[in-house]
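Got a predicted model here, sequence first, then my questions.
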Amino acid sequence: MQKLIDTIFIEGEILNHPRTQLIKSKFPKSHIIEIDRYQEIFNKRSQNFRIQKLNPALILGKKHDNFILPAPAGFGLASKNNFYFSHMYNCIYDCRYCFLQGMYSSANYVLFVNYEDFFDEIERTIDLYHGKDITFFSGYDCDSLAFEKITGFAKNAIPLFKKYPEVELELRTKSIQSDSLTSKYVASNCIVAFSLMPGELAEKLDNKAPSVRRRIDNIKRLAEIGWPIGLRFDPLIYSENWKQLYGGLLNEIKSSVPSEAIHSISHGPLRYPKKMYNEITKLYPEELLFSIPMSESNGYVHYGVDIESQMAEFLFKALKNYVDDDKLFQCVTQD
């Protein structure tokens, strides 16, 4: 991990923050540069995400507002009150379909060290929606656990949510870094949700991420010690032999993970806002993922209703005898 970070930019306001000092100590050979605000590096114009991704810097800052936001349409599950928070921007993985590369001009990692302000806002939101179903999502603008050995964010967040058993937290990840998820800290309202696709596709598209086989092994281990598991097939990737590939993946999961460990399963099609799609394809014009003819409607680029419906129906039928219907969710940004 340390080899990934040559340069660390640190806002002067949090230069002496205990968490800043702890993170710095994990990168003793990194070049430290003091800055005023993270935006002066992260929001620079004329940055190239693809080039910068080869050697990203780490930016440590303090978040001042918008700690908790309503979850985007299609991102939530059954709860009517879905929120997300982003203690970090960008991801150490380089998945070719990731929307972040079309949303941010910078591939540098931003980490906000003032966790306690996030936690205070989470508790205020819980009080505001007292008595109602609430789910908080971590892992929208980053992977929830991939940088956990450096950040310790989940380790700090889980005790907070154990105080509120009626409120759910989802940690969405592709990581197998699960040192914080021991049997000692199991929280029945904290869902460890793994993003998955067939191994053959992941080898080509989930760059730098652990193999699907290793992810399933980790899911099995976490399920055995009591963590609720989420399975996230989002996005579903279309290919010539997609039925065979996804059928094999689902069989592998069903033979490894007991159905009673599954909290929920969600799936969603590959689709982007048109502007974001244009940015991503500009970065990777040679990528085969984008060579499949796409449809466009109401500002979104996607496979088209027919393909999306076929894939959703296939997944639903394949999972029908594995979990109850009320654990299956389709997550789609509506046209």
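Good, I have the coordinates.

what residues are up against the residue minimising distance to the centre of the chain?
Centroid-nearest residue in the chain, with C-alpha atoms, centre = their mean: Gly139, separated by 3.4 Å. Contacts for Gly139 (C-beta atoms under 8 Å, 6 or more residues apart in numbering) come out as Glu170, Leu171, Arg172, Thr173, Ala193. Placement of C-beta: from N, CA and C, glycine included.

Quick check: bridge partners of the last one?
This means Ala193. Beta bridges link Ala193 to Arg172, Gly230, judged by DSSP bridges.

doesn't Gly230 make contact with it?
Yes. The criterion here is C-beta atoms under 8 Å, and Ala193 meets it with Gly230 at 3.0 Å.

Check the contact lists of the two and give me the overlap.
Each of Glu170, Arg172, His263, Ser264 lies in contact with both Ala193 and Gly230 under the rule C-beta under 8 Å, 6+ apart.

so the second one sits right up against Ser195, yeah?
Yes. Contact criterion C-beta under 8 Å: Arg172 and Ser195 qualify, at 6.5 Å.

between those two, what contacts are shared?
With C-beta under 8 Å, 6+ apart as the test, Arg172 and Ser195 both reach Arg232.

Helices of the stretch 201-335 of the chain, residue ranges please.
For the stretch 201-335 of the chain, helices defined by DSSP state H, counting those that start in this stretch occupy the ranges 212-224, 242-256, 274-283, 305-319.

Relative to Phe83, which of those is closest?
Of all the helices of the stretch 201-335 of the chain, helix 274-283 sits nearest to Phe83, with 22.4 Å by C-beta to C-beta.

what's the neighbour count on Asp326?
A count of nearby residues for Asp326, using other C-beta atoms under 10 Å, gives 8.

scratch that, Ala318 is what I was asking about
By the other C-beta under 10 Å criterion, the neighbourhood of Ala318 contains 16 residues.

Spatially nearest residue to it, not counting backbone neighbours?
Leaving aside its sequence neighbours, Ala318 sits nearest to Leu250 (C-beta to C-beta, 6 or more residues apart in numbering; 4.9 Å).

Please tell me how far the one you found sits from Asp326.
19 Å (C-beta to C-beta, to the nearest Å).

Repeat that for Gly152.
Where Asp326 is concerned, Gly152 sits at a distance of 35 Å (C-beta to C-beta).

Check Phe194 too.
Counting by C-beta to C-beta - Phe194 and Asp326 are separated by 20 Å.

Pro28 now?
Using C-beta to C-beta, one obtains 50 Å as the distance from Pro28 to Asp326.
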